[in-house]
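Student: Below: sequence and its predicted model.
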Amino acid sequence: MYIHRTIQNIAFAQPMDMGGFPIRQPLPSRQIDMLDPFLLLHHAIMEVSKDVDVKHAGVGPHPHRGFSPVSFIYKGGVHHRDSRGNSNVVYAGGTQWMNAGMGVIHSERPPVDIHEKGGIQELVQLWINSPAKNKMDMPAYFPLTAEETPVVRSDDQKTSIQVISGELNGIKGPVLPLSPVNMFNVYISKGANYFIPFSRLHNAFLYVVSGLVQVGQAEKIEAFYMATFNTDGDGIELNAIEDSIVLVGTGEPLKEPVASHGPFVLNNETQIMEAFRDYQLGKMGVLIEA
């Protein structure tokens, strides 16, 4: 018999401006500072103007080192380009997963056909910390389309869960993270319920992208709220009050020092200074967007 985890914290994803882009951020926040190995969560819903060339829309070239920035795409699409020569578009239902490793410069633009897809970009970007031993690995990039993402379906067909990384009910995700991490996109219909099991060693959260769910018999959590869980059970049960989309992440904590500044996440301040130096010296490559 499974034991249900209890809720530790609930945080509202406060609206913020990030360099001119409207985003929502529940992590970090006053309620949830960090959930090892998860560092940051941004939820963006952006209308792409028809008056702006998509080559100049979205997020332009910027560097990263020491963690994995992961984008889960719910509407529209994202064109990823990076200084390692990768260039790939992933549309709604897909995932852009990058291990930044020793350093990479990338951009995240709308695809050229974004207006044929409705003109809206909606995505959640999650930063997942890398173990110290992997922070200076060669960067790696994993584009994952909706069609390539395995799905676990409930017997009543009212719940569909994309398994992006980790494992659920014997189904393994195609992305191999640098530490044990499960990432699931849950699409659950009104009135349905589903129990998601995972390791007792993992920290866990859910973020409600849209809709309204109840966790077990406890709190109801609506869109733009994040819940974190105590390590006191075998998983969480979702009960859908409305048709809902829920991002669920679980991960084994790294229990390592964290030093972060801007786009770099390392283990001490000296490493942060070295990252800025290496970026300025061009050691993270050059990204020229064609």
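Tutor: Right, received. Where do you want to start? Residues are numbered from 1 along each chain as shown.
Student: can you give me the helices in the chain?
Tutor: Assigned by DSSP state H, the helices in the chain fall at 269-280.
Student: OK, contacts around the most centrally placed residue in it?
Tutor: Closest to where the C-alpha atoms of the chain average out (C-alpha atoms, centre = their mean) is Leu126, at 3.0 Å. Residues near Leu126 by C-beta atoms under 8 Å, 6 or more residues apart in numbering: 38, 40-41, 69-72, 183, 247, 249. Every C-beta, even on glycine, is put in place using the N, C-alpha and C of the backbone.
Student: Include pLDDT when you put those into a markdown table, please.
Tutor: Formatted as a markdown table, the contacts of Leu126 follow (pLDDT from 0 to 100):
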| residue | pLDDT |
| --- | --- |
| Phe38 | 98 |
| Leu40 | 98 |
| Leu41 | 98 |
| Pro69 | 98 |
| Val70 | 98 |
| Ser71 | 98 |
| Phe72 | 98 |
| Met183 | 99 |
| Leu247 | 99 |
| Gly249 | 98 |
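Student: out of the residues you listed, who's nearest Lys190?
Tutor: Comparing the contacts of Leu126 against Lys190 with C-beta to C-beta places Leu247 closest, at 18.5 Å.
Student: Just to check, the closest one is in contact with Thr95?
Tutor: No - the criterion here is C-beta atoms under 8 Å, and Leu247 misses it with Thr95 at 10.7 Å.
Student: between those two, which one's more packed in?
Tutor: Thr95 (28 against 22; other C-beta atoms under 10 Å).
Student: Please tell me the pLDDT value assigned to the more buried one.
Tutor: We note a pLDDT of 98 for Thr95 in this prediction.
Student: hang on, the earlier thing: who touches both of Leu247 and Thr95?
Tutor: Common contacts of Leu247 and Thr95 (C-beta under 8 Å, 6+ apart): 72, 183.
Student: how far away is the residue nearest to the centre of the chain from Thr95?
Tutor: Separation of Leu126 from Thr95 (C-beta to C-beta, to the nearest Å) stands at 10 Å.
Student: Same question for Ser107.
Tutor: Between Ser107 and Thr95 the distance, using C-beta to C-beta, works out to 17 Å.
Student: With Val209 instead?
Tutor: For Val209, the distance to Thr95 - C-beta to C-beta - is 14 Å.
Student: And Gly77, by the same measure?
Tutor: Distance, Gly77 to Thr95, by C-beta to C-beta: 12 Å.
Student: Is there a neighbour count for Leu27? I'd like the number.
Tutor: 23.
Student: which residue packs closest to it, ignoring adjacent ones?
Tutor: Nearest non-adjacent residue to Leu27, counting by C-beta to C-beta, 6 or more residues apart in numbering: Leu41, 4.3 Å away.
Student: Verify the stated contact: that neighbour with Leu206.
Tutor: No - using C-beta under 8 Å, Leu41 is not in contact with Leu206, being 10.9 Å away.
Student: Find the residues that touch each one of these two.
Tutor: Met226.
Student: circling back: got the contacts of Leu126 as a markdown table, with distance to Tyr141 columns?
Tutor: Converted to a markdown table, those look like this (distance: C-beta to C-beta, whole Å):
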| residue | distance to Tyr141 |
| --- | --- |
| Phe38 | 20 |
| Leu40 | 19 |
| Leu41 | 20 |
| Pro69 | 11 |
| Val70 | 11 |
| Ser71 | 12 |
| Phe72 | 15 |
| Met183 | 16 |
| Leu247 | 21 |
| Gly249 | 20 |
